[in-house]
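Student: sequence? don't have it. structure:
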């Protein structure tokens, strides 16, 4: 997994498929063609989540969840952005994993539907 770091990549993912769960929001889009060798992931938390300490903790929890699930359920050639929500801080880690699994399943189902605009 490669990390997303450029703002343009985050903005492109925000225009793609979005699925929300109680503990996180998942944004998904295809990787640009020259870079389509593997999957890329990025993490973000706004000031609504809390102060800097809370935002960093939320992103650490999202990184741990992504490391556990994206190698198994992620698709190569796609960018994933995990957005922290206020519940990310207090939700049990097993529930956070279930949220991510459900969001991935729903996003991949939407991705697989032919003839729909994304």
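Tutor: Now that the structure is in, tell me what you want to look at. All figures in this text were calculated on a predicted structure; none of them were measured in a lab. Residues are numbered from 1 along each chain as shown.
Student: for residue 42, see how far away residue 67 is.
Tutor: 14 Å (C-beta to C-beta, to the nearest Å). The C-beta positions use only the backbone N, C-alpha and C, and glycine is treated the same way.
Student: the more surrounded of those two?
Tutor: Between residue 67 and residue 42, counted using other C-beta atoms under 10 Å, residue 42 has the larger neighbour count: 20 against 11.
Student: contacts only, for the more buried one.
Tutor: Shown in contact with residue 42 (C-beta atoms under 8 Å, 6 or more residues apart in numbering): 3-5, 9-10, 13, 79-82.
Student: do the same with residue 22
Tutor: Taking C-beta under 8 Å, 6+ apart, one finds 85, 87, 91, 95, 99 in contact with residue 22.
Student: go again using 10 Å as the cut-off
Tutor: 85, 87-88, 91, 95-96, 98-99, 102 (C-beta atoms under 10 Å, 6 or more residues apart in numbering).
Student: which one of these is nearest to residue 74?
Tutor: residue 102 (14.5 Å; C-beta to C-beta).
Student: which residue packs closest to that closest one, ignoring adjacent ones?
Tutor: Of all residues not flanking residue 102 in the chain, residue 21 sits nearest, at 5.8 Å (C-beta to C-beta, 6 or more residues apart in numbering).
Student: give me the pLDDT value at the residue nearest the centre of the chain.
Tutor: Geometric centre of the chain, nearest residue: residue 82, 2.8 Å, by C-alpha atoms, centre = their mean. Residue 82 carries a pLDDT score of 97 in this model.
Student: pretty sure it contacts residue 67?
Tutor: No: the criterion here is C-beta atoms under 10 Å, and residue 82 misses it with residue 67 at 11.1 Å.
Student: joint contacts of the two?
Tutor: With C-beta under 10 Å, 6+ apart as the test, residue 82 and residue 67 both reach residue 41.
Student: what is the burial count for the closest residue to residue 45 other than its chain neighbours?
Tutor: Leaving aside its chain neighbours, residue 45 sits nearest to residue 84 (3.7 Å; criterion: C-beta to C-beta, 6+ apart). Per other C-beta under 10 Å, the neighbour tally for residue 84 reads 26.
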